[in-house]
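Colleague: here's my sequence, what's the structure:
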Amino acid sequence: MRDAVLSLGMSLLAMASVSCAAEIPSGTHLLLRMVNSINTRTASEGNQVYLRTDSPLVAEGRVIVPVGSYVQGTVAQVNRSGRVAGRAELAIRLDTLTLPEGKVLKFAPHLSSVDAGDSSQKVAGEGNRIQQRSGVGHDAAQIAIVAGSGASIGALAGQSLRGAGIGAGAGGAVGLATVLLTRGREVELRQGMTLDVALDRALVVE
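Modeller: Residues are numbered from 1 along each chain as shown. Just a heads-up that it's a prediction; the model follows:
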């Protein structure tokens, strides 16, 4: 009799455990907010990334992952912006999701979009890579502006087309030197910025 009661109790516990489990389907989006700040100027591979959930995950009519749950990730790749060519690029890997009660879940979603702030950075291709825009157009404009300024000054000083030509050449040289000595814009994820991620596989929370 005692064994039968014990067996029944274990069965009920198993059923309760199954009924408490919830599954967040693959493809579900989740908004995350940066806790720390990272950028391609100072970050190194292996640096930690800390975030909080900024939207809840709901299943079966109840909140499974509440706002404020803790997410931890790792910097997987860093490429600084080049001085003449090469875009800044940052790849991060999200590793774990920790619920308020302390339960830690393996967590590996992919980046869907990222807060650009006042730049043109965006998610590019696979591998959770965030890429800054190319600086080629900006560099050409900068050279043209400085060259134009030089032409104006040369024309005023020389009062001739020859003076304008000399000024434009000098201005172009200064503009080119400036571009060669200046790196393009870096990828930056500042504290408070948001990232939208999507689950690649169902997330089971028990």
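Colleague: so where's the protein uncertain?
Modeller: In the prediction, the chain carries residues with pLDDT under 70 at positions 1-20, 82-85, 134-183.
Colleague: helices along that one, start to end?
Modeller: If DSSP state H is used as the criterion, the helices of the chain fall at 2-20, 136-158, 161-181.
Colleague: how many neighbouring residues does the nearest residue in space to residue 116 that is not next to it in sequence have?
Modeller: Spatial nearest neighbour of residue 116, chain neighbours left out: residue 122 (6.6 Å); criterion: C-beta to C-beta, 6 or more residues apart in numbering. Placement of C-beta: from N, CA and C, glycine included. The tally of other residues near residue 122 (other C-beta atoms under 10 Å) stands at 15.
Colleague: same check, this time on the one 4 residues further on
Modeller: Neighbours of residue 126 under the rule other C-beta under 10 Å: 9.
Colleague: now swap in residue 76 and tell me
Modeller: With other C-beta under 10 Å as criterion, residue 76 counts 16.
Colleague: ditto for residue 39
Modeller: Neighbours around residue 39, by other C-beta under 10 Å: 15.
Colleague: hmm, it is touching residue 187, no?
Modeller: Yes - using C-beta atoms under 8 Å, residue 39 is in contact with residue 187, at 6.4 Å.
Colleague: what is in contact with these two at once?
Modeller: Taking C-beta atoms under 8 Å, 6 or more residues apart in numbering as the criterion, residue 39 and residue 187 both touch residue 90.
Colleague: tell me the bridge partners for residue 65.
Modeller: Note on residue 65: beta-bridge partners residue 57, judged by DSSP bridges.
Colleague: renumber starting at 46 from here on
Modeller: Sounds good: first residue 46 from here, last item residue 110.
Colleague: and it, how far from residue 139?
Modeller: Distance from residue 110 to residue 139, counting by C-beta to C-beta, to the nearest Å: 13 Å.
Colleague: higher neighbour count, the two?
Modeller: Neighbour count, other C-beta under 10 Å: between residue 110 and residue 139, residue 110 has more, with 25 against 21.
Colleague: what residues are up against the more buried one?
Modeller: Residue 110 touches 69, 75, 98, 101, 102, 142, 144, 250, counting by C-beta under 8 Å, 6+ apart.
Colleague: try residue 105
Modeller: So residue 105 contacts residue 67 (C-beta under 8 Å, 6+ apart).
Colleague: domain map for this protein?
Modeller: 67-179+230-250, 181-226 (automatic domain parsing).
Colleague: just checking, residue 149 touches residue 117?
Modeller: No - Residue 149 lies out of contact with residue 117 (C-beta under 8 Å); the separation is 9.2 Å.
Colleague: what sits in contact with each of the two?
Modeller: Common neighbours of residue 149 and residue 117 (C-beta under 8 Å, 6+ apart) are 141, 143.
Colleague: between the two, which one's more packed in?
Modeller: residue 117 (16 against 12).
Colleague: separation between the residue nearest to residue 161 and residue 95?
Modeller: Counting by C-beta to C-beta - residue 167 and residue 95 are separated by 22 Å.
Colleague: now swap in residue 72 and tell me
Modeller: Applying C-beta to C-beta to residue 72 and residue 95 gives a distance of 25 Å.
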